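In: I would like to see how this sequence folds:
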Amino acid sequence: MEEQSKKDWSRFTVNIPIDISPEKIKEAWSTPKTLETWFLRLAEFTTPSGEKRKREEKFKPGDSYRWQWYGWPDSVEEHGKILKPESGEFLRFKFGKAGDVGVSVVEEHGQTILRLIQENIPQDEESRMNFYVGCKTGWTFYLLNLKSLLMGGTDLRNKKSNLQMD
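Out: Predicted coordinates for the structure are as follows:
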């Protein structure tokens with residue numbers, strides 16, 4: 001009997017096919033203002049010298065961020081740092097304690113695909129649930145929301161502050 005390979009809980013990939021130009025996909029990830037249209041309630045970026053980026057200003061590697069989401073209280077926020085993208089990526093960031101996230105747009109079989117890889121996820125049981133399962137579920141939703149909006153659809157986020165997600 002063959003030995004089953006062990007599950008790799010340190011990384012996951014989410015692929016979303018989107019019939020739109022790679023430039024429009026990348027633009028949605030480029031400024032605090034564009035991130036707030038599909039992903040975040042609040043996106044703030046600070047330069048390495050301590051200056052807060054303007055809402056329409058593109059953030060860059062070395063910047064730090066503060067993020068908040070709809071459906072969650074102000075006390076739930078993420079802090080991290082924008083990293084230098086690796087080969088093929090247009091964005092890479094340290095996602096708090098949950099690891100590193102790399103985002104790319106690839107063409108496969110004539111289809112434009114938005115690909116997100118989260119890696120270096122801590123390997124304790126709590127991290128497996130919170131970061132592997134929780135983040136993969138969250139990213140799947142937010143990438144589908146981005147696709148919906150880019151394709152002319154509805155914003156799927158819960159924006160009613162009295163309907164909390166926790």
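In: going forward, measure contacts between C-alpha atoms and count neighbours the same way
Out: OK.
In: What is the neighbour count of Gly152?
Out: Taking other C-alpha atoms under 10 Å as the neighbour definition, Gly152 ends up with a count of 9.
In: what are the phi and psi values for it?
Out: Note on Gly152: backbone dihedrals following degrees, to the nearest 10 are phi 90, psi 20.
In: which of the residues in the worst-scoring helix or strand of the chain on mean pLDDT are buried?
Out: Ranking every helix and strand in the chain by mean pLDDT, DSSP states H and E puts helix 125-127 at the bottom, with a mean of 93. For helix 125-127, burial by neighbour count (16 or more other C-alpha atoms under 10 Å) applies to Ser127.
In: continuing past that helix, what's the next helix or strand?
Out: Scanning forward in sequence from helix 125-127 by DSSP states H and E, the next helix or strand is helix 134-150.
In: which residues in this protein form strands?
Out: Counting by DSSP state E, the segments of the chain that form strands are 11-17, 42-46, 64-68, 77-83, 91-94, 100-108, 111-119.
In: Verify the contact between Tyr142 and Phe39 for me.
Out: Yes: Tyr142 lies in contact with Phe39 (C-alpha atoms under 8 Å); the separation is 5.9 Å.
In: got the contact list for stretch 82-92?
Out: Counting by C-alpha atoms under 8 Å, 6 or more residues apart in numbering, the neighbours of stretch 82-92 from elsewhere in the structure are 26, 59-65, 93-94, 100-105.
In: Neighbour count for Tyr142 and Phe39, which is higher?
Out: When neighbours are counted by other C-alpha under 10 Å, Phe39 comes out ahead of the other of Tyr142 and Phe39, with 23 against 17.
In: Got the confidence number for that one?
Out: pLDDT recorded at Phe39 is 98.
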